[in-house]
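Trainee: take this sequence and fold it.
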Amino acid sequence: MDFLKNLLNSFSSFAVDLILKLVLAGIVLVVGIKLSKFFVKLLSKSRGMQKIDVTARGFITTTIKFALNAVVIFSAVAILGVPTASIIALIGSCGVAIGLALQGSLSNFAGGLMLLIFKPFDVDDYITTPDASGTVKSIGIFYTTLSTPDNVKVVIPNSVVSGSVISNTSAYETRRLSFAFTVAHTSDVDEVKAIMLSVIDSCNKILAIPEPSAVVSACKDNGVEITARCWVKSSDYWDVNYYINETIKEKFIEKGVSIPANKLDVNIINK
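Mentor: Below is the predicted model of the structure:
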């Protein structure tokens, strides 16, 4: 009888202790998760977060939410008396195995993180990579999506983007245009320069500063290369480029300026 009584008392004591731990762990779990949600929501609406890129903001808030929830869960598990050291070791082992299996994805993740932190380009910028050129539509955690001028969707792994040389033609408000034409050696160089500069001056999208210029840039076998340079807003680059090239060609024809074609002399020797 004494044995059964002691066993019953021990069981009752264990049950009460377990129930108290479960209740306390449940309270910590519920309250902790609600507090983490409230904190993340408050953080996402803060003035500092509003200045960050939408993609980066979503990534930061998701990471913080995951970290806070992990702390809450570990706290609840610790209250139950479960040894957290073994759990951490198990998670670490699983992490190593998963990391080895997902090396490529982790490289893309790291690349995406670098892009979001250092921001070499933004959404709607026009960029050129070794593999593709186009307007940036989205910067994800694993991939960057471009839209090419002929409306083709290009998806590039972030590890490739972050590890490559990137040209961002939308980074600055202005860009320089260069127009190179080769004219005959007998052409009046000053007249050719004047024609090119007059065409540039006729376009109201050309910026006055820096001042447009025209120079002899090279002397070739078939003629003299003359290059005119001017500055425009980045948004006007292609429209002005097409207009100036076409108009200069028309003016050369009108003024009788000769544009020599490449020639190849072939000598036939009779033996």
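Trainee: in stretch 125-136, what's buried?
Mentor: Of the residues in stretch 125-136, 125-127, 129, 132, 134, 136 count as buried by neighbour count, 16 or more other CB atoms under 10 Å. All C-beta atoms are positioned from the backbone trio N, CA, C, and that covers glycine.
Trainee: restricted to strands, list the residues you listed.
Mentor: 126-127, 134, 136 (DSSP state E).
Trainee: need these in CSV with distance to Leu22 and pLDDT, can you?
Mentor: Formatted as CSV, these follow (distance: CB to CB, whole Å; pLDDT from 0 to 100):
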residue, distance to Leu22, pLDDT
Tyr126, 58, 93
Ile127, 55, 92
Gly134, 56, 92
Val136, 51, 92
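Trainee: nearest to Leu68 among those?
Mentor: The closest of those to Leu68 turns out to be Val136 (CB to CB; 31.2 Å).
Trainee: pretty sure that closest one sits against Thr129.
Mentor: No - here Val136 lies out of contact with Thr129, judged by CB atoms under 8 Å, at a distance of 10.5 Å.
Trainee: tell me the one among the ones in strands among the buried residues of stretch 125-136 nearest to Thr148.
Mentor: Nearest member of those to Thr148, counting by CB to CB, is Gly134, at 4.2 Å.
Trainee: roughly how far apart are the closest one and Thr169?
Mentor: Relative to Thr169, Gly134 is positioned 11 Å away (CB to CB, to the nearest Å).
Trainee: report the set of residues contacting both of these two.
Mentor: Each of 126-127 lies in contact with both Gly134 and Thr169 under the rule CB atoms under 8 Å, 6 or more residues apart in numbering.
Trainee: so how far is stretch 112-120 from its chain's centroid?
Mentor: Offset of stretch 112-120 from its chain centre (CA atoms, centre = their mean, to the nearest Å): 7 Å.
Trainee: what mean pLDDT does it have?
Mentor: If you average the pLDDT over stretch 112-120, you get 80.
Trainee: tell me which residues of it are tucked away?
Mentor: 112-116.
Trainee: in helices, which of the residues you listed appear?
Mentor: With DSSP state H as the criterion, helices contain 112-116 from among the buried residues of stretch 112-120.
Trainee: hmm, back to that, same list, the buried residues of stretch 112-120, but as a markdown table with distance to Ile268 please.
Mentor: Listed next are the buried residues of stretch 112-120 as a markdown table, based on distance: CB to CB, whole Å:
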| residue | distance to Ile268 |
| --- | --- |
| Gly112 | 63 |
| Leu113 | 67 |
| Met114 | 62 |
| Leu115 | 61 |
| Leu116 | 66 |
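Trainee: how deep is Ile60 tucked in, by neighbour count?
Mentor: Neighbourhood size, Ile60 [other CB atoms under 10 Å]: 17.
Trainee: I meant Ile269, not that one.
Mentor: 4.
Trainee: just the closest of the buried residues of stretch 125-136 to Phe142, please.
Mentor: Taking CB to CB as the measure, Phe142 sits nearest to Val136 out of the buried residues of stretch 125-136, at 15.1 Å.
Trainee: ok, residues contacting stretch 25-45?
Mentor: Contacts of stretch 25-45 from elsewhere in the structure, counted by CB under 8 Å, 6+ apart, are 49, 57, 61, 64-65, 68-69, 71-73, 75-77, 79-80.
Trainee: drop anything exposed from the residues you listed.
Mentor: Here, 16+ other CB under 10 Å leaves 57, 61, 65, 68-69, 72-73, 76-77, 79 buried among these.
Trainee: now for these, which pair is the farthest apart?
Mentor: Arg57 and Ile79 (33.4 Å).
Trainee: ok, so of the contacts of stretch 25-45, who is nearest Ser159?
Mentor: Nearest to Ser159 among the contacts of stretch 25-45, with distances taken as CB to CB, is Arg57, at 22.4 Å.
Trainee: tell me which stretches of the chain form helices.
Mentor: 2-44, 47-50, 54-79, 84-101, 103-118, 158-162, 189-202, 237-255.
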